[in-house]
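Participant: Predicted model and sequence below, questions to follow.
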Amino acid sequence: MGNLLWLLVLCTCQYRVHCQGDEGFILDIHLTPAEVQAAVQEAVEIVREQIEVVEPHVFQNGGKLGPDSVAYHYYSLRAGNENTRTIAAVAQISQTATHILAVRHNLTVGQVSLVLPQIDTMSTVLRDSCPTPLPPASCPPSRYRTLDGTCNNPDQPRWGAANTPYLRLLPAWYADGVSSPRVARSGTDLPAASEVSAAAHSGNVISHAHVSLLATVWAEYLNHDLARSIVAEGVRGERLKCCGVSDTHPECFPITDDDGGCWEYARSLPATTTDCALGVREQLNGATSFLDGSAIYGASKKDSDRLRLFENGHLKTQADWLLPRATSHTCKDAMM
């Protein structure tokens with residue numbers, strides 16, 4: 001009888017999560033574990049269909065870039081790998097489950113962004129594929145930094161590590177409250193990126209009194225060392241073609257203008273948190289968040305080994321100490 005009573009308690013308990021918003025109001029959600037598990041399982045099937053059915057259909061109908069395309073070579077600078085694509089797939093499941101719960105329970109933007117992330121997803125299938133947090137005990141004293149930035153802070157080993165989400169200065173604002181690109185308050189599309197760029201750069205160029213071009217080069221290096229957004233790809237690393245095709249990939253977001261011009265553009269990869277929490281779409285940073293030369297030496301052991309000579313701590317070079325010749329068919333590399 002005692003076991004039966006305990007089973008009934010487990011089956012009828014609810015996630016009752018609440019927090020106080022910035023304006024003092026309480027955001028409350030009542031969800032049962034079964035509802036969360038069902039949403040995650042449904043999301044798994046949706047993402048599986050995208051990978052196994054939608055993507056092949058899109059690619060068979062011309063939605064894949066080839067080496068003869070300029071965009072193909074540009075994307076090689078922002079390409080991911082098997083690890084980042086796995087992270088993105090898990091993130092897609094989390095955000096799809098979030099969207100399902102948001103629609104099914106008529107959740108507000110505040111509930112999606114502030115309350116849903118507090119719900120434990122480790123009792124769902126996400127547990128088997130979620131990045132595992134590193135305990136401080138796994139960070140022994142070391143003379144050198146780790147390549148991926150883990151353990152730079154022994155108390156918070158994954159802070160600033162590669163392949164983790166960017167932090168936000170402002171809350172996310174998506175059209176559907178979860179992941180779709182933002183629109184104007186009126187519901188219409190925002191101005192195209194090309195239009196914004198043309199307006200921002202329409203003035204006269206004025207030379208600075210004492211700052212040279214070297215300041216720009218240094219700023220660009222800092223950007224490459226601290227941040228690397230990875231473009232969305234197919235499950236096997238295919239580069240997405242988003243212009244001039246009838247069926248576009250769900251991650252396509254091409255830039256267009258009023259004259260009918262179209263520029264290839266796909267969204268950046270989504271990221272998971274270490275506990276695969278529900279919530280809005282976050283973007284993945286493929287670099288470490290530390291100024292540690294990861295743009296030179298790599299942000300993983302695999303990248304580092306590919307660049308090293310393994311003699312006296314030297315990097316690989318060619319004649320006259322130039323960087324080594326690229327061996328890939330794109331003649332480009334994400335590393336310096």
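Facilitator: That came in fine, so what should we check first?
Participant: Going by C-alpha atoms from here, please, whenever you check contacts or count neighbours.
Facilitator: Noted.
Participant: Quick check: end-to-end length of stretch 308-324?
Facilitator: One end of stretch 308-324 to the other measures 11 Å (CA to CA, to the nearest Å).
Participant: Show me which residues of that stretch are buried.
Facilitator: 315, 316 (16 or more other CA atoms under 10 Å).
Participant: Now it: average pLDDT?
Facilitator: Regarding stretch 308-324, the rounded mean pLDDT is 88.
Participant: Could you do stretch 201-218 as well?
Facilitator: For stretch 201-218, the per-residue pLDDT averages 87.
Participant: List phi and psi for residue 252.
Facilitator: Note on residue 252: backbone dihedrals following degrees, to the nearest 10 are phi -70, psi 140.
Participant: any idea how far residue 31 is from the nearest residue to it once chain neighbours are set aside?
Facilitator: Leaving aside its chain neighbours, residue 252 sits nearest to residue 266 (4.4 Å; criterion: CA to CA, 6 or more residues apart in numbering). Note on residue 266: its distance to residue 31, by CA to CA, is 34 Å.
Participant: just to revisit the earlier point, return the residues in contact with the residue nearest to residue 252.
Facilitator: Contacts for residue 266 (CA atoms under 8 Å, 6 or more residues apart in numbering) come out as 231, 232, 240, 242, 251, 252, 253, 254.
Participant: let's see it at 6 Å
Facilitator: 232, 251, 252, 253 (CA atoms under 6 Å, 6 or more residues apart in numbering).
Participant: Out of those, flag the one nearest to residue 115.
Facilitator: Taking CA to CA as the measure, residue 115 sits nearest to residue 251 out of those, at 26.3 Å.
Participant: Would you mind measuring from that closest one to residue 116?
Facilitator: 24 Å.
Participant: again with residue 94
Facilitator: The value you get for residue 94 to residue 116, if CA to CA is used, is 11 Å.
Participant: any residues in contact with both of those two?
Facilitator: residue 278.
Participant: just to revisit the earlier point, cross the contacts of residue 266 against strands and list the overlap.
Facilitator: Of the contacts of residue 266, none are assigned to strands by DSSP state E.
Participant: picking up where we left off before, of residue 94 and residue 116, which one has the most company?
Facilitator: Neighbours of residue 94 and residue 116, each counted by other CA atoms under 10 Å, are more numerous for residue 94; the result is 27 against 23.
Participant: Excluding chain neighbours, give the residue nearest to that one in space.
Facilitator: residue 278 (5.4 Å).
Participant: Outside of whatever helix or strand residue 59 lives in itself, list whatever touches it.
Facilitator: Using DSSP states H and E, residue 59 maps to helix 55-60. Contact with helix 55-60 is made by residue 247, as judged by CA under 6 Å, 6+ apart.
Participant: So which bits of it are buried?
Facilitator: Result for helix 55-60 [16+ other CA under 10 Å]: buried residues 55, 56, 57, 58, 59.
Participant: Residue 171: which of those is nearest?
Facilitator: residue 55 (30.8 Å).
Participant: hey, where'd the strands end up in the stretch 151-300 of the chain?
Facilitator: Here the stretch 151-300 of the chain has its strands, by DSSP state E, counting those that start in this stretch, at 164-165, 255-256, 262-263, 270-271, 282-285.
Participant: by contact count, what packs against the fourth one?
Facilitator: Under the contact criterion of 3 or more CA pairs under 6 Å, 6 or more residues apart in numbering; DSSP states H and E, strand 270-271 touches helix 82-104, strand 282-285.
Participant: Is it possible to get CSV of those that adds mean pLDDT?
Facilitator: Compiled in CSV, these are given as follows (pLDDT from 0 to 100):
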stretch, mean pLDDT
helix 82-104, 96
strand 282-285, 96
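Participant: Point out the most buried one among these.
Facilitator: strand 282-285 (a mean of 24; mean count of other CA atoms under 10 Å).
Participant: what packs against that strand?
Facilitator: Using 3+ CA pairs under 6 Å, 6+ apart: strand 282-285 touches strand 164-165, strand 270-271.
Participant: May I ask you to confirm that residue 147 is in contact with residue 300?
Facilitator: Yes - assessed by CA atoms under 6 Å, residue 147 is found in contact with residue 300 at 5.3 Å.
Participant: Look at the two and report which has more neighbours.
Facilitator: In terms of neighbours (other CA under 10 Å), residue 147 is the more surrounded of residue 147 and residue 300; the figures are 22 against 17.
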